[in-house]
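Asker: Kindly generate the corresponding structure for this input.
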Amino acid sequence: MYKKYIKLFIYLVISILILLYLYTLARNGGDFNVFLNASNALKNNSNIYNQWFNISDDNYGLYFYSPFFALILIPLTYLPFQIANLLWLILNLFFLYRIWVIVNSFFDFSLFNKKYYWFLQIVTFIFIVRFMLYNFGMIQMTIFLLYASLEGITLIMNKNKLSGSILIGLAANIKLLPILIIPYLFYRNQIKSGIYTVLFFVLLLFIPALFIGFDFNILLLKSWWLSINPANSIHTFGEVENGQHSLSALIPTLLMETTGNLNFKRNILNLDKQYVSFILNIVRIILIVFTLYFLKTLPFKRTKSKLSVFWEISYIFLITPLLFPHQQKYAFFYILPAVFYVIYFLLYNKISNYNDFSLLKSKIVFFLILLVFMLTTLTTDGIIGRYLNNITQYYRFITYGTLFLIIPLSMCNPKYLRTNIID
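Answerer: Reported below is the predicted structural model:
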């Protein structure tokens, strides 16, 4: 009897501490303030893509999201920003919970005892906690985007094509990162879902015209595209001096002389900008084409194994923050599915005594995933200090770590696992 009340008391204390933490973040402000300020500007028929909005104190940022997103946030602008921020942070707790439930639903744990099951959950959490905290600290959108993509795919797999398509289309409209799911749907013969997603994505582009006028909406769409266009030179050469992480923040630092907050050399070549831009796009194309390695089959064939589906989409999520420009550290929360999959794969093979995947290969995968952990998670300033963190930031360790994660993920083919959950 007492154990029950003790548990309730512990849950109550934890809930209060979490709410206090979220309220502190909401008071400090974050990128959600930019979204709300952009919504305020939209109410006044102001172009929301050519002005700086307050984040907190003397910190300002640009708005890079869709006109529709600014429109639907307008009701929240009538609340104190602290309350609006807190509501979004609480919603993110729900999105985080759903991500964990959905990810686990793809896997078979029949061979796992409690020790192995919780080891998988805890290690994955430790692996991505840095990026999760960045999302909460900055009051960002990445947790929602990953949730919407996973929930949408799950709904489509469960024959709820319209609901899943609407969710993915909404997420892609708000911020373009989930748009990579659309070609995957067509490739996997989810033609109807792919069409629904595209139609809903396009519909949301023009819905604001009903409230702000067609001409002003077109102006905003053009301005939005100018601000996010990957071909924009500022995304190729301007990011190397800032805190972004992606291919566009890494490749130029290797191929040309660049400036930064440290004086250490980081380029191995000194090419003209046009060649650097060309090589950057080639690397992007290589990562996109490498998706075929995970898809294996010809187009318009569905994957029967849920585990294979998860392996495929894990790679798509993994390369998403690498391909798109202007990505901050919080965007690398997208590596969560790939990390979960690789750790599960290693544990499964340990339990099954490496019958289908050699011990040597498992050791290589373990070494690589440990290297990824060191580059992505252990480089936080809370562990190594501000100075060393600045060095890892300067050399884009997070981007390198994400690129290295491709190797163990590609090695861990689900064909080596005897567990297959069929739709």
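
Asker: Tell me where the stretch 151-300 of the chain has strands.
Answerer: Here the stretch 151-300 of the chain has no strands by DSSP state E, counting those that start in this stretch.

Asker: and what of the stretch 1-150 of the chain?
Answerer: Under the criterion DSSP E, counting those that start in this stretch, strands of the stretch 1-150 of the chain are mapped to 53-56, 59-61.

Asker: contacting residues around the longest one?
Answerer: Same thing as strand 53-56. 28-31, 33-34, 37-38, 41, 60-63 (C-beta atoms under 8 Å, 6 or more residues apart in numbering). In short, each C-beta sits where N, CA and C put it, glycine included.

Asker: at 7 Å what do you get?
Answerer: Under the criterion C-beta atoms under 7 Å, 6 or more residues apart in numbering, residues 28, 29, 30, 31, 33, 34, 37, 38, 60, 61, 63 lie in contact with strand 53-56.

Asker: Could you identify which of those has the most neighbours?
Answerer: The most crowded member of those, judged by other C-beta atoms under 10 Å, is residue 63 (26 neighbours).

Asker: what sits against that one?
Answerer: 34, 38, 48, 49, 53.

Asker: farthest-separated two in those residues?
Answerer: The span of these, defined through C-beta to C-beta, is set by 34 and 49 at 11.8 Å.

Asker: Surely residue 148 and residue 166 touch.
Answerer: No. In this structure residue 148 lies outside contact range of residue 166 using C-beta atoms under 7 Å: 9.8 Å.

Asker: Going by how many neighbours each has, rank those two and give me the top one.
Answerer: When neighbours are counted by other C-beta under 10 Å, residue 148 and residue 166 differ, and residue 148 comes out ahead with 25 against 21.

Asker: got a list of what that one touches?
Answerer: Counting by C-beta under 7 Å, 6+ apart, the residues that residue 148 touches are 167, 168, 170, 171, 178.

Asker: can you tell me which of those lies nearest to residue 143?
Answerer: Nearest member of the contacts of residue 148 to residue 143, counting by C-beta to C-beta, is residue 171, at 11.3 Å.

Asker: show me what contacts the closest one?
Answerer: Contacts for residue 171 were tallied using C-beta under 7 Å, 6+ apart; they are 145, 148, 149, 178.

Asker: Now, the residues you listed that are in helices?
Answerer: Using DSSP state H, the members of these that fall in helices are 145, 148, 149.

Asker: need these in TSV with distance to residue 293 and pLDDT, can you?
Answerer: As requested, those are arranged in TSV below (distance: C-beta to C-beta, whole Å; pLDDT from 0 to 100):
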residue	distance to residue 293	pLDDT
145	25	98
148	26	98
149	21	98
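
Asker: per-residue confidence for residue 48?
Answerer: With respect to pLDDT, residue 48 scores 98.

Asker: likewise residue 23?
Answerer: Residue 23 carries a pLDDT score of 96 in this model.

Asker: Could you do residue 171 as well?
Answerer: Looking at residue 171, the pLDDT reads 98.

Asker: Grab the most central residue of this protein for me.
Answerer: Nearest to the mean C-alpha position of the chain, counting by C-alpha atoms, centre = their mean, stands residue 334 at 3.0 Å.

Asker: Could you check how far that residue is from residue 280?
Answerer: According to C-beta to C-beta, to the nearest Å, residue 334 stands 20 Å off from residue 280.

Asker: Same check on residue 369?
Answerer: 27 Å.

Asker: Just the closest of the contacts of residue 171 to residue 157, please.
Answerer: Ranked by distance to residue 157 (C-beta to C-beta), the contacts of residue 171 are led by residue 149 at 12.7 Å.

Asker: give the contact list for that closest one.
Answerer: Here residue 149 is in contact with 168, 171, 178, 181 (C-beta under 7 Å, 6+ apart).
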